[in-house]
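A.B. asks: kindly return the folded structure for what I paste below:
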Amino acid sequence: MTSNVRVRFAPAPTGLLHIGNARTALFNFLFAKRHQGTFVLRIEDTDLERSTDASIDRIIEDLKWLGMIWDEGPNQDGPEGPYRQSQRLSIYQEFADRLFQEGKSYKCFCSEERLEKLRKEQLSKGRMPRYDGRCRSLTQGEIAKMESSGLHPVLRFHVGSGSIHFDDLIHGKMNFDSGGIGDFIIVRSDGMASYNFACVMDDHLMRITHVIRGEDHLSNTPRQILLYQALAWEPPVFAHHPLILGPDRSPLSKRHGATAVSQYRDEGFLPEALQNYLILLGWSSPSGKETLPLNKTVEEFSIQDISRSAPIYNRKKLEWLNSYYIREKEEGPLAEALVPYLEKAGIQIDQIDRQWLNQIFGILKENLVVLSQVQEYLGIFFDEKFFFEEGAQTLLSDPKNRETLRSVLKVLEDSQETTLDEPSSLLPQLEKKTECKGKDLYAPLRAAVTGKTKGPELVKTLPLLGRERIIRRIKMALEIS
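C.D. replies: Next comes the predicted model:
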């Protein structure tokens, strides 16, 4: 393995961070940590019309939430900055001028209309669309005349003929015919560097040793290698991983559900669960384990072990992992994660005993798939949110269940010896004194005191509600007609 490994994640800030891009970032992060290398965050904001500072802020926030902290990049200056492409335009211009002076690129004045017509003609004849080189032979006089008339040319790279070879760490040996590429644009008519050109400049100058990205960039790689060759630079090692597919095996998109990292965050997925899930999309631990903390994944990760087959997104698997990590959370961190959902529901947190609240979270976590589901159970513990669900009302209208509740109420009101202090003691006491057992007792009691037909364990819930609240709710249940 090359020493001094340097990798980069280079998102375009034109929207939210997609989980597919987050997976690419994760592969780069793990590879860097596995080889004691450097993880660089570069913002590719040359699309000035669509790039926004708000998107940059959200990308940075999401990466930090996922635990992927960069060694160099925005807010983490390094020797190869700046790390926003919009701040590197003079660098691109210098090398664009060099290629032009060396005759390796040329000015092209073809209009969009001509290029579109050419594309359609080529497609109609069964050919791959590519530029036909019309402006390659323009004379200096012709160029000067068009520029003086106010036309702004693009700068095209002269591709030439031959084959482009490279070894991909995931796909193996790759071979492209330059004849199918066509002379491509390296500087647009507004003076802005194209993606392929800026990417090569930055990867070289930032000393990137490995480019790990989605296989949708595979067609860009031969273009970039040609630029490396034209500038007599050594290209990095490439690794193109398959993209995530939806359950219908089409590219993952919004129609398959949430796709942005921030959406999963808002819904109540834990960062460690999303990390764990994304790494398992196309890679498996040698140990065979599916629940892997990040430090363990770093120890085991190998880029060559990523499957060449496209992984299929499975929401159920992600939910299973999330419920596992919720159950594994200790009281303090779990409370910190859940409190915002209580505040959103209007619960006055500052007026609640934190020990009692932690106990609530401790029993609820067994029922949560995502953190936001805690709002479904608030009515059990907070009177202002309490109500009888339809299923509970049906149960409570049954004469037999009502008789059971009257027996429970009598026991609780008549006997102060019936204790709630020990979680395991109350239900056996009620079974003995009411002569009702199992479901015949638990079902109506749960419906009466929680307003629900299912939820956290009753034996753990009752002590947290307290005798007075239980009595009051049973009386409310008996008033249901």
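A.B. asks: lowest-pLDDT helix or strand in the protein?
C.D. replies: Sorted by mean pLDDT, DSSP states H and E, the helices and strands of the chain end with helix 426-434, the least confident at a mean of 83.
A.B. asks: residues of the helix or strand just after that one that come out buried?
C.D. replies: Under the assignment DSSP states H and E, the closest C-terminal helix or strand after helix 426-434 is helix 439-450. Within helix 439-450, the residues that count as buried by 16 or more other C-beta atoms under 10 Å are 441, 442, 443, 444, 445, 446, 447, 448, 449, 450. To be clear about C-beta, it is placed using only N, CA and C from the backbone, and glycine gets the same treatment.
A.B. asks: does anything pack onto the helix or strand following helix 439-450? Which helices or strands?
C.D. replies: Of the helices and strands lying after helix 439-450 in sequence (DSSP H and E), the nearest is helix 458-465. Applying 3 or more C-beta pairs under 8 Å, 6 or more residues apart in numbering; DSSP states H and E, one finds that helix 458-465 contacts helix 354-364, helix 378-381, helix 426-434, helix 439-450.
A.B. asks: any chance of those helices in CSV with distance to residue 213 as columns?
C.D. replies: Formatted as CSV, the helices and strands packed on helix 458-465 follow (distance: least, C-beta to C-beta, whole Å):
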stretch, distance to residue 213
helix 354-364, 40
helix 378-381, 44
helix 426-434, 58
helix 439-450, 50
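A.B. asks: between the ones you listed, which gets the lowest average pLDDT?
C.D. replies: Lowest mean pLDDT of the helices and strands packed on helix 458-465: helix 426-434, a mean of 83.
A.B. asks: which helices and strands does that one pack with?
C.D. replies: helix 399-414, helix 439-450, helix 458-465.
A.B. asks: touching, residue 89 and residue 190? I think so.
C.D. replies: No - using C-beta atoms under 8 Å, residue 89 is not in contact with residue 190; the gap is 10.9 Å.
A.B. asks: more neighbours: those two, which one.
C.D. replies: Using other C-beta atoms under 10 Å, the more surrounded residue of residue 89 and residue 190 is residue 89, with 14 against 8.
A.B. asks: mind checking how far that one is from residue 11?
C.D. replies: In this view, residue 89 and residue 11 are 19 Å apart by C-beta to C-beta, to the nearest Å.
A.B. asks: just the helices in the stretch 1-150 of the chain please.
C.D. replies: Remark: helices assigned in the stretch 1-150 of the chain by DSSP state H, counting those that start in this stretch are 19-34, 53-65, 89-101, 112-124, 140-148.
A.B. asks: and the protein, what are its domains?
C.D. replies: Split into domains by automatic domain parsing, the chain comes to 89-241, 387-478.
A.B. asks: the residue nearest to residue 80 when sequence neighbours are not counted: what's it in contact with?
C.D. replies: Residue nearest to residue 80 in three dimensions, not counting chain neighbours: residue 206, with 4.2 Å by C-beta to C-beta, 6 or more residues apart in numbering. With C-beta atoms under 8 Å, 6 or more residues apart in numbering as the criterion, the residues that contact residue 206 are 6, 8, 40, 42, 72, 80.
A.B. asks: so the third one bridges to which residues?
C.D. replies: According to DSSP bridges, residue 8, residue 72 are recorded as the beta-bridge partners of residue 40.
A.B. asks: residue 68 is in contact with that one, correct?
C.D. replies: No - judged on C-beta under 8 Å, residue 40 makes no contact with residue 68 at a distance of 11.7 Å.
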